[in-house]
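Asks: based on what follows, work out the 3D shape:
(2 chains)
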Amino acid sequence: MAGRAPVRTMNSAFIAMIADEDTITGFLLAGVGNVDLRRKTNYLIVDSKTTVKQIEEAFKDFTTREDVAVVLISQYIANMIRFLVDSYNKPIPAILEIPSKDYPYDPAHDSVLSRVRYLFSAESVASDRR
Amino acid sequence: MLGPTNWIKSKLRVAELQHVTPLVRTKFQSDQAACFWTRSFPKNPPFPLPPASVLGGDHLLRRLYLGGYHHIIYILASHLHSAAKRLDKMSGQSQRLNVVPTVTMLGVVKARLVGATRGHALLKKKSDALTVQFRQILKKIVSAKESMGEILKSSYFSLTEAKYVAGDNIKHVVLENVQNASLKVRSHQENIAGVKLPKFEYFTDGETKNDLTGLARGGQQVQACRTAYVKAIEVLVELASLQTSFLTLDEAIKTTNRRVNALENVVKPRLENTISYIKGELDELEREDFFRLKKIQGYKKKEIDRQVAAAKAFAEEKVAADIALKKGFPLNSAHDLLTQASKKDEDIIF
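Replies: From the prediction side, this is the model:
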C-alpha cells in the first residue's frame, strides 16, 4: 500500500514506558524493564525535575526504536507532549495512554480514543453504549 | 492533443446532433469550402470557426454563400458552437484515451474495461470486508479501554498494598534490579482481505529477576502486585494490537476507497468514452466505404449504359448502311443530297 510503512514482524520486542515512578515500579516488577549494555533503559521515569524536552526526546527515541512494540505513556505526560502524540500516526509501535495513579483518566484526551469516539458517534453506535 | 477539427468532430459525434450532421454533411470537401466559410463571417467572429466540413462542406456552403444567405451560415455555426460547448460541459472531466480507432484497439480497450470492472467489484468487496472488520475493532477498542481503566486501578491499589507492607524502599530495589526484560512482546501478522494486521502477544522469557524482592516482608503482597501488573500488561498488549489494527485498517480502507472511486469515476468512464469513440469512428468508416461503393457502382452503371447506347447506335448505323448498299446508292450520298437540297431551296418542305 502506498504511503504506509510495511508492517514488520518482531520475534521479541520491548514495551517502553514513560510514566511516573510508581507506575514504572509496578511494570518493572512485572518484568518489563530492560537495560542494555550502554545502560540505556526502555523506560523514562518522569518526576517534577523532568523537563518536557527530556520527555519529547524519550518519546521520539521509543517511537523510532526497532525493538519497541508498544509505548505506554501516562496520560498527564502525554498531555504535556500532546502535539507529538497527536502527530504520531504509525501503527508500530502502538502508543497507549494509560491512566496514572494521581491523575484520573480522561478518555476525551486520548488521541486514538477520540478518533474512535468520533467514528462511533458517526455510526451512532455510541448512543446505546453510553 | 486534438486539433480543432477533430475536437468539434468528436464533440458532435457524441452529440444528439448526430442525426443532424449527416444531413448537413456532404462527402466532398475542398479548400474552397474554407474560403466560402471565412468570407461568410465578420472579421472577428465571436466564437472559433468550426471547419467547413462540419457545417456541410462545399455544396451546402457554396449554395448558401452564392445565394447570399450569409446569416444562415453564421447561425448554423453559432448553433454548432454552443452545442459543442454544452457537450463539453456535459462530458466534463471524462475524456477519452488517445488511441487509434481500429478494431484491434477496440478489443484492447474492451478488455481493459472488463478488467477495470472486475477490479472495481473486487476492490469494493475488499472495502466492505475491511469496513466490517474495522467496526468490530472499534467496538473492541472501546470496551478494552474501559476495562483497562479498571485493571490499572486494581494494579495501582495492589502496588500501594505492597509498598505499605514491604516498605517504601521496595521501589528502589525494583529500580536497581532491572537487567533484561523477562516480559516481552512478539508480533505476528494476520491477513484480513489482503491487509496485514499485526497482532501482539506477550510472553515471558527467562526467569523473573525479582523473585527475592520483599523476601524480608511482604513477599506475598509483592507477588500479588506482580500478577496484577502482568494482567494489566496482558490487557494493554491486547489493546495495543487493537489500536495498531485500527490505524492500519483505517489507512487501508482509505486507500481502497480511493482506488474504488478512481476506477468508478475516472478509469471506467474514460474507457467507455474511448469505446464509443472508436465505435463511432468505425461506423463512420463503414458509412464512407458504403458511400464510395455506391458511387463507384453509379459510375460503372453509367459507363455500361453509355457503351450499350454506343453499340446500339453503331448497329443501327450499320443496318442503315447495309440497306442503302442494297438499294444501290450510299447512305451518305442520300444524306448529302438532302442537305444540299435544303441548302439550295429554303422553301422545300418535307
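
Asks: switch to C-alpha atoms for all contacts and neighbour counts from now on
Replies: Fine.

Asks: tell me which stretches of the chain form helices.
Replies: You didn't say which chain, so I picked chain A. Secondary structure of chain A by DSSP state H: the helices cover A:21-30, A:52-64, A:75-80, A:82-87, A:111-123, A:126-129.

Asks: my bad, chain B
Replies: B:4-14, B:21-24, B:31-39, B:52-55, B:57-66, B:70-91, B:103-166, B:170-176, B:219-262, B:268-327, B:331-344.

Asks: and among the ones you listed, the most buried is which?
Replies: Among the helices of chain B, helix B:52-55 has the highest mean neighbour count (mean count of other CA atoms under 10 Å in any protein chain shown), at a mean of 23.

Asks: how about JSON lines for the helices of chain B, with distance to residue A:87 and mean pLDDT added?
Replies: Shown next, in JSON lines, are the helices of chain B (distance: least, CA to CA, whole Å; pLDDT from 0 to 100):
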{"stretch": "helix B:4-14", "distance to residue A:87": "49", "mean pLDDT": "54"}
{"stretch": "helix B:21-24", "distance to residue A:87": "60", "mean pLDDT": "40"}
{"stretch": "helix B:31-39", "distance to residue A:87": "64", "mean pLDDT": "51"}
{"stretch": "helix B:52-55", "distance to residue A:87": "59", "mean pLDDT": "58"}
{"stretch": "helix B:57-66", "distance to residue A:87": "65", "mean pLDDT": "65"}
{"stretch": "helix B:70-91", "distance to residue A:87": "41", "mean pLDDT": "66"}
{"stretch": "helix B:103-166", "distance to residue A:87": "20", "mean pLDDT": "88"}
{"stretch": "helix B:170-176", "distance to residue A:87": "32", "mean pLDDT": "74"}
{"stretch": "helix B:219-262", "distance to residue A:87": "13", "mean pLDDT": "86"}
{"stretch": "helix B:268-327", "distance to residue A:87": "37", "mean pLDDT": "91"}
{"stretch": "helix B:331-344", "distance to residue A:87": "115", "mean pLDDT": "62"}
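
Asks: circling back to that earlier point, turn the helices of chain A into CSV, including mean pLDDT and distance to chain B.
Replies: Output for those, formatted as CSV (pLDDT from 0 to 100; distance: least, CA to the nearest CA, whole Å):
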stretch, mean pLDDT, distance to chain B
helix A:21-30, 82, 5
helix A:52-64, 87, 13
helix A:75-80, 85, 12
helix A:82-87, 84, 13
helix A:111-123, 69, 6
helix A:126-129, 43, 9
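
Asks: do you know which of those lies nearest residue B:100?
Replies: For the helices of chain A, the distance to residue B:100 is smallest for helix A:111-123, at 48.3 Å, taking CA to CA.

Asks: circling back: compare the helices of chain B and give me the one nearest chain A.
Replies: Taking CA to the nearest CA as the criterion, helix B:219-262 is the member of the helices of chain B that comes nearest to chain A, at 4.6 Å.

Asks: does that closest one come close to chain A?
Replies: Yes: among the residues of helix B:219-262, B:225-227, B:229-230, B:233, B:236-237, B:239-241, B:243-245, B:247-248, B:251-252, B:255 lie within reach of chain A under CA under 8 Å from any CA of the partner chain.

Asks: circling back to that earlier point, which one of the helices of chain B lies closest to residue A:33?
Replies: Evaluated with CA to CA, those place helix B:170-176 nearest to residue A:33, the distance being 8.9 Å.

Asks: which strands or helices does that closest one pack on?
Replies: helix A:21-30 (3 or more CA pairs under 8 Å, 6 or more residues apart in numbering or on different chains; DSSP states H and E).

Asks: got the buried residues for the helix it packs on?
Replies: By neighbour count with 16 or more other CA atoms under 10 Å in any protein chain shown, helix A:21-30 contains the buried residues A:22, A:23, A:24, A:25, A:26, A:27, A:28, A:29, A:30.

Asks: of those, closest to residue B:158?
Replies: Nearest to residue B:158 among the buried residues of helix A:21-30: residue A:26, at 9.2 Å, using CA to CA.

Asks: pretty sure that closest one is touching residue B:229, no?
Replies: Yes: assessed by CA atoms under 8 Å, residue A:26 is found in contact with residue B:229 at 6.3 Å.

Asks: what is in contact with these two at once?
Replies: Common neighbours of residue A:26 and residue B:229 (criterion: CA atoms under 8 Å, 6 or more residues apart in numbering or on different chains): residue B:155.

Asks: can I assume residue B:137 is in contact with residue B:244?
Replies: No: counting by CA under 8 Å, residue B:137 does not reach residue B:244; the two are 10.2 Å apart.

Asks: make CSV out of the helices of chain A and add distance to residue B:261.
Replies: Shown next, in CSV, are these (distance: least, CA to CA, whole Å):
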stretch, distance to residue B:261
helix A:21-30, 47
helix A:52-64, 34
helix A:75-80, 37
helix A:82-87, 27
helix A:111-123, 21
helix A:126-129, 29
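
Asks: just name the most buried of the ones you listed.
Replies: Comparing the helices of chain A by mean count of other CA under 10 Å gives helix A:21-30 as most buried, with a mean of 24.

Asks: circling back to that earlier point, dump the helices of chain B into CSV; add distance to residue A:93 as well.
Replies: Listed next are the helices of chain B as CSV, based on distance: least, CA to CA, whole Å:
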stretch, distance to residue A:93
helix B:4-14, 55
helix B:21-24, 66
helix B:31-39, 71
helix B:52-55, 66
helix B:57-66, 72
helix B:70-91, 47
helix B:103-166, 17
helix B:170-176, 24
helix B:219-262, 8
helix B:268-327, 39
helix B:331-344, 119
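
Asks: wait, which of these is closest to residue A:17?
Replies: Residue A:17 lies closest to helix B:219-262 among the helices of chain B, at 11.6 Å (CA to CA).

Asks: and the angle for the closest one with helix B:103-166?
Replies: Angle of helix B:219-262 versus helix B:103-166, following axes from the mean of the first three to the mean of the last three CA atoms, to 10 degrees, is 160 degrees.
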